[in-house]
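Asker: sequence and predicted structure are below.
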Amino acid sequence: MPGDANPQMSPAGEAPAPRSGPRHVAIIMDGNGRWAQARGRPRLFGHHAGARRVREVVECCPSLGVEYLTIFAFSTENWKRTQTEVAGLMSLFRRYISKEMNALAEKNVRVRFIGDRVRLDAKLIDLMDKLERKTAGNSGTQLTIALNYGGRDEVARATKRLARDVAEGRLDPENVDEETLPRYLDTHVLPDPDLVIRTSGEARISNFLLWQSAYAEYEFIDTLWPDFTAEELARLCGSYGRRDRRFGAVKT
Ligand code: FPP
């Protein structure tokens, strides 16, 4: 019966084996454009192929012990792309949400969006709200989609809310410490990522989860996002398990 069992114990009453894989994986899905270009096709062809990879990756999370998956779909800097590409991506996001809504709900996936919604169109915001509401009670993979997201923008928006709480007397500046700001971030309900993966051979973080990734492990891999597979994620989770995370301390 829910609530009866000790969540720390296995059904047989033994303490569970210590976790070795990442609990929270965050992915910068890069390389769609080059993948399309290599096939002589327009960049949007690559984005559509990239969107198809998302399902497989979401579905393999439970078997890998990944409880939280956060994916970078559109950055605050991506508005600098051509109007055709931006419009095509927005239409792809609308299509993806409408098409995947029922499957995500049935697979017990809970979806959240992070990022600033101000520049997004009303129809897309509506679909995002609907998907969040429809999956709000799900307890399986916690999928977070970063859409019009930028780490600096997120910290600036969080700081604005924090400053307002100080100005209106709800927060004493003397009590502000490193536990305070994360409560104002878009990710306030999520644990920090354990493993951040970037595909496509670029070794940079491009404004993704800046605060939250302070102690994350990174994997920069050559695979272009539309070629990324569940097997590759399993391999990366395995090598994460062999890393020694010390969080600044020394092993005694
Ligand atoms: C970066 O590749 C990718 C993006 C800016 C878009 C990411 C979007 C998807 C994977 C598709 C859909 C996602 C969802 C959630 C439906 P790039 O275009 O910068 O590739 P390039 O570096 O090769 O040009």
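Answerer: That came through, no problem.

Asker: residues from this protein in reach of the ligand?
Answerer: Within the chain, the positions near the ligand by C-beta under 6 Å from any ligand atom are 29-34, 43, 47, 50-51, 54, 71, 73, 78, 92-93, 96, 145, 200, 225. Every C-beta, even on glycine, is put in place using the N, C-alpha and C of the backbone.

Asker: for the stretch 1-150 of the chain, which residue gets nearest to the ligand?
Answerer: Closest to the ligand within the stretch 1-150 of the chain is residue 33: 2.5 Å, counting by C-beta to the nearest ligand atom.

Asker: what sits against that residue?
Answerer: Taking C-beta atoms under 8 Å, 6 or more residues apart in numbering, we find residue 33 in contact with 43, 46.

Asker: pLDDT wise, what is it at?
Answerer: Looking at residue 33, its pLDDT stands at 98.

Asker: let's have the chain start at 778 instead
Answerer: In the new count, where the first residue is 778, that last one comes out as residue 810.

Asker: quick one, helices of the stretch 928-1029 of the chain?
Answerer: Assigned by DSSP state H, counting those that start in this stretch, the stretch 928-1029 of the chain shows helices spanning 928-944, 1007-1018.

Asker: for burial, what's the neighbour tally of residue 1027?
Answerer: Residues within reach of residue 1027, counting by other C-beta atoms under 10 Å, total 5.

Asker: and it, how far from residue 994?
Answerer: Remark: distance between residue 1027 and residue 994 (C-beta to C-beta, to the nearest Å) = 18 Å.

Asker: again, but for residue 881
Answerer: Distance from residue 881 to residue 994, by C-beta to C-beta: 27 Å.
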